[in-house]
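A.B. asks: here are the coordinates; sequence isn't available:
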Ligand code: ADP
Ligand code: MG
């Protein structure tokens with residue numbers, strides 16, 4: 001019977017790490033013809049590593065120690081990388097007061113009496129003037145597919161850290177599997193245009209960059225108004241509204257608790273190809289019913 005087929009489909013998915021929250025979600029998954037992915041931690045490993053440290057004033061160790069202080073309480077993938085780098089160099093991390101995550105921008109807090117911000121060049125540029133030479137350094141790092149976080153102290157840019165996050169091993173194959181099913185693929189990212197295009201071009205995916213969490217939600221709504229059935233795949237860090245706006249919100253393995261709560265489905269093993277597998281499972285299950 002129909003409920004039995006749905007239950008069987010859900011069970012087959014669960015055994016393969018494809019968590020689908022009920023028959024209505026399975027039905028919606030069948031109709032998906034566009035999939036929008038986050039970049040960091042979704043299309044990429046989400047395990048960036050620090051590649052460059054550039055101090056505009058003072059030394060690299062001081063720059064990194066203050067950056068690490070700000071990131072101490074952050075769950076963002078960039079935070080782990082910065083903390084690991086500081087630990088690897090045996091740096092003492094000063095305490096931070098009033099630490100705050102600014103969605104899609106970076107982190108702020110007070111360290112050793114100074115009001116600090118660490119985050120995207122765009123967000124840093126709104127808090128401090130970046131010299132042409134500093135901007136040129138940022139542009140070159142971005143063109144190499146690296147993400148840059150700029151440290152600002154009391155309205156002055158202090159330096160930057162560049163990080164690279166490699167695409168997941170199966171990202172290319174997973175996107176190709178979706179395209180082979182006639183499904184449109186997009187990357188929605190808060191990262192800057194240059195970095196995002198460098199990664200997007202390598203993977204062959206449409207790119208929308210420089211987005212705030214609210215922009216991602218707006219784009220999902222626009223795609224839906226165009227008549228597309230849109231799945232949004234993300235780790236949910238700052239992106240819960242976009243997950244909720246999608247026809248089907250899919251949390252990527254190792255995602256945050258909030259993502260797992262907001263999402264309609266989850267791919268627990270963190271494989272891009274599992275998104276294609278989940279849609280294929282929904283289509284196959286529903287074919288047995290209709
Ligand atoms: P994505 O869409 O790639 O997941 P986010 O929206 O999480 O990106 O973040 C957008 C940008 O904001 C990052 O590329 C980075 O420059 C900056 N950023 C956000 N959070 C942090 C953080 N904790 N530390 C440093 N930079 C951050
Ligand atoms: Mg993110």
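C.D. replies: In hand now; what should we look at? Fair warning: this is a prediction, and the values are worked out from it, not measured in the lab. Ligands and ions are numbered 1, 2, ... in the order given.
A.B. asks: now do the SS call for the residue of the stretch 51-200 of the chain found nearest ligand 1.
C.D. replies: Nearest residue of the stretch 51-200 of the chain to ligand 1, counting by Cβ to the nearest ligand atom: residue 190, 2.6 Å away. Bear in mind the C-beta positions are built from the backbone N, C-alpha and C, glycine included. Going by DSSP: H, G, I helix; E, B strand; the rest coil, the secondary structure assigned to residue 190 is coil.
A.B. asks: ok, now residue 238?
C.D. replies: What three-state DSSP gives for residue 238 is coil.
A.B. asks: let me know the pLDDT of it.
C.D. replies: The predicted local confidence for residue 238 comes out at a pLDDT of 71.
A.B. asks: so where is the protein shaky, pLDDT-wise?
C.D. replies: Along the chain, the model assigns pLDDT under 70 to residues 1, 236-237, 254-256, 258-259, 290.
A.B. asks: which residue is nearest the middle of it?
C.D. replies: Computing the C-alpha centroid of the chain and ranking residues by Cα atoms, centre = their mean puts residue 40 first, at 3.2 Å.
A.B. asks: which residues sit against stretch 93-105?
C.D. replies: With Cβ atoms under 8 Å, 6 or more residues apart in numbering as the test, stretch 93-105 has contacts from 65-66, 68-70, 72-76, 83, 86, 107-112, 117, 119-120, 122-123, 190, 211-213, 238.
A.B. asks: just the buried members of those?
C.D. replies: Restricting the contacts of stretch 93-105 to buried positions leaves 65-66, 68-70, 72, 74, 76, 83, 86, 107-109, 111, 117, 119-120, 122-123, 190, 211-213, 238, with burial counted as 16 or more other Cβ atoms under 10 Å.
A.B. asks: pretty sure residue 228 is in contact with residue 183, am I right?
C.D. replies: No - the criterion here is Cβ atoms under 8 Å, and residue 228 misses it with residue 183 at 9.8 Å.
A.B. asks: list the residues that contact both of the two?
C.D. replies: Residues touching both residue 228 and residue 183 (Cβ under 8 Å, 6+ apart) are 33, 34.
A.B. asks: and the strands in the stretch 1-150 of the chain, which stretches?
C.D. replies: In order along the chain, the stretch 1-150 of the chain carries the following strands (DSSP state E, counting those that start in this stretch): 18-20, 34-38, 49-55, 96-102, 106-111, 114-119, 147-153.
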